[in-house]
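K.L.:
what follows is a predicted structure for the sequence shown.
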Amino acid sequence: MTARPLIVFDIQRVSGGTLKAQAKHDLRTAGDLSHTDPSRAHLNRVLVGSGNAFKDCAQIIHEHSATIDKRQEKPFTRIILSATPEHLAEPTNLRRFVSEGVEWLREEYGPGLASVVLHMDEKTPHLHAVCVPLVEKNRKTGSHWMVSHGKHPATSARDSFSLMRRRAAAWMGLGYGETGNKPRSQEQRIMDEATHELAQERAAAIALAARARAVLQAQGRHAEAATLVLRPEPARTRHLEFEMPLDLDEPRRAPSRKSGGRELER
């Protein structure tokens with residue numbers, strides 16, 4: 001009996017800065033491309049949006065005149081969809097997977113579906129999707145839109161990520177499998193690249209200080225040489241700046257407990 005193909009599902013809340021870096025990855029213009037096959041890059045497809053998820057999200061927010069929930073430090077949702085490699089190796093299965101994957105994303109996020117990119121140049125075909133959790137609020141003065149994970153139907157329930165994974169599997173006719181069967185996420189790749197780059201810069205600075213210290217010691221300037229000591233420290237990832245005038249990047253702090261507010265992110 002043939003085993004039922006399993007879904008691969010990764011979902012994260014992300015900031016605008018992360019989306020800016022993702023755009024370069026999605027379009028294969030920068031970032032770690034060692035895991036890709038350049039000979040298959042022409043098979044990649046932008047299915048929804050422009051290929052620049054950051055700008056696509058900004059456009060949706062602008063079109064709906066939406067406000068961002070002040071508790072949302074990472075206001076956007078990023079989803080990676082894939083399935084058992086052997087299953088997607090069959091062209092008919094792949095076409096169905098792509099079609100049903102986009103349909104499911106539209107069902108979950110409606111007008112908030114900002115970007116979907118199909119990657120065919122990696123080991124297993126997969127979809128990168130970015131969504132804006134748009135929620136329409138009705139007031140006496142009229143309705144308006146807001147961006148909120150906690151109020152959006154897709155993510156408002158307890159264990160919402162697990163429930164979404166089950167809904168996606170059911171919609172696409174795939175097995176649910178065990179939690180955790182997901183590839184290294186794009187955010188992890190970005191973080192790894194930034195950490196590696198900063199570590200290299202730190203190592204270069206330490207080597208330069210060591211050479212300068214050796215020169216000073218050779219000149220008998222031991223007191224000055226003793227001041228040239230750089231101690232290794234944990235590398236930190238860089239802050240990714242925005243290029244568009246949207247207040248989406250800087251984390252917003254919820255009211256403190258002293259003011260009677262709640263600090264928990266919904």
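P.N.:
Yep, that arrived.
K.L.:
residue 79 bridge partners, please.
P.N.:
Applying DSSP bridges to residue 79 gives these bridge partners: residue 11, residue 129.
K.L.:
residue contacts, it?
P.N.:
9-11, 105, 127-131 (C-beta atoms under 8 Å, 6 or more residues apart in numbering). Just so you know, the C-beta spots here come from the backbone N, C-alpha and C atoms, and that holds for glycine as well.
K.L.:
closest one of those to residue 67?
P.N.:
Looking at those and their distance to residue 67, the nearest is residue 131, at 17.1 Å (C-beta to C-beta).
K.L.:
rewinding a little: so which of the contacts of residue 79 comes closest to residue 155?
P.N.:
Looking across the contacts of residue 79 and measuring by C-beta to C-beta, the closest to residue 155 is residue 11, at 8.7 Å.
K.L.:
list the contacts for that closest one?
P.N.:
Taking C-beta under 8 Å, 6+ apart, we find residue 11 in contact with 77-80, 161, 164-165.
K.L.:
out of the contacts of residue 79, which end up buried?
P.N.:
Neighbour-count burial (16 or more other C-beta atoms under 10 Å) applied to those gives 9-11, 105, 127-131.
K.L.:
quick check: the farthest pair among these?
P.N.:
Using C-beta to C-beta, the pair of these lying farthest apart is 9 and 130, separated by 14.9 Å.
K.L.:
element containing the residue nearest to residue 104 when sequence neighbours are not counted?
P.N.:
Nearest in space to residue 104, with sequence neighbours left out and distances taken as C-beta to C-beta, 6 or more residues apart in numbering, is residue 171 at 4.3 Å. Taking DSSP states H and E as the criterion, the element that holds residue 171 is helix 160-172.
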